[in-house]
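>>> A structural model of the following input is requested.
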Amino acid sequence: EAQLMESGGGMVQPGGSLRLSCVGSGFTFSGYLMTWLRLTPEKGPEWVSTIWPTAAVTYADSLKDRVTVSRDNDKSTMYLQIDNLRPEDTARYYCARGPQSVALGRRDIWGQGTQVTVSS
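Numbering: from 1, shown residues only. Below is the predicted model:
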């Protein structure tokens, strides 16, 4: 069974940084585009970034100056580095298999998410 598992969330002060991880299992991770999203009750799902198997990346315009996404196909792992965290970054962060449209439409697997809370 294909699965995704995120980790690395927590509570951080404004201006801090976090590195989230997403480990895939049960499928050939290296063959898939992978996407990061975040979800808040107020805004709903928000696309953060998509990374291609080749490691080419696209970012949401609102976040591209503060986030870096990478992947290690040998470890079946994708990473999301968020710098200069702001209170409005507080959300549950999810990884999903597939491109942006598939992920936002929940047409493929998502992980269980990891909570990021930015607060002083």
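
>>> Nearest residue to the middle of the chain?
Centroid-nearest residue in the chain, with C-alpha atoms, centre = their mean: Trp36, separated by 2.8 Å.

>>> ok, the strand or helix carrying that one: who's next to it in the sheet?
Element membership of Trp36 [criterion: DSSP states H and E] is strand 34-40. Applying DSSP bridges to the sheet, strand 34-40 is found paired with strand 44-51 (antiparallel), strand 91-97 (antiparallel).

>>> most packed of those strands?
Mean neighbour count (mean count of other C-beta atoms under 10 Å) peaks for strand 91-97 among those, with a mean of 24. (Glycine included, C-beta is placed from N, CA and C.)

>>> Quick check: next helix or strand after that strand?
Following strand 91-97 toward the C-terminus (DSSP H and E): helix 100-104.

>>> Show me what that following helix is in contact with.
With C-beta atoms under 8 Å, 6 or more residues apart in numbering as the test, helix 100-104 has contacts from Thr35, Leu37, Pro45, Trp47, Thr50, Thr58, Ala96, Arg97, Asp108, Trp110.

>>> mind listing what's buried in that helix?
The neighbour-count check on helix 100-104 (16 or more other C-beta atoms under 10 Å) flags Gln100, Val102, Ala103, Leu104 as buried.

>>> ok, of the residues you listed, which one's closest to Leu4?
Nearest to Leu4 among the buried residues of helix 100-104, counting by C-beta to C-beta, is Ala103 at 10.8 Å.

>>> From Gln13, how far out is that closest one?
Remark: distance between Ala103 and Gln13 (C-beta to C-beta, to the nearest Å) = 29 Å.

>>> How about Ala60?
Using C-beta to C-beta, Ala60 is found at 23 Å from Gln13.

>>> again, but for Val48
21 Å.

>>> Let's see the helix or strand of the chain with the lowest mean pLDDT as PDB, backbone CA atoms only.
Lowest mean confidence among the helices and strands of the chain (mean pLDDT, DSSP states H and E): helix 100-104, at a mean of 93. Presented in PDB, the C-alpha positions along helix 100-104 are these (Å, rounded to 0.1, in the frame of the first residue of the first chain):
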ATOM      1  CA  GLN A 100      -0.600  20.400  -8.000                       C
ATOM      2  CA  SER A 101      -4.000  19.800  -9.600                       C
ATOM      3  CA  VAL A 102      -4.100  16.100  -8.500                       C
ATOM      4  CA  ALA A 103      -3.000  17.000  -5.000                       C
ATOM      5  CA  LEU A 104      -5.500  19.800  -4.500                       C
END
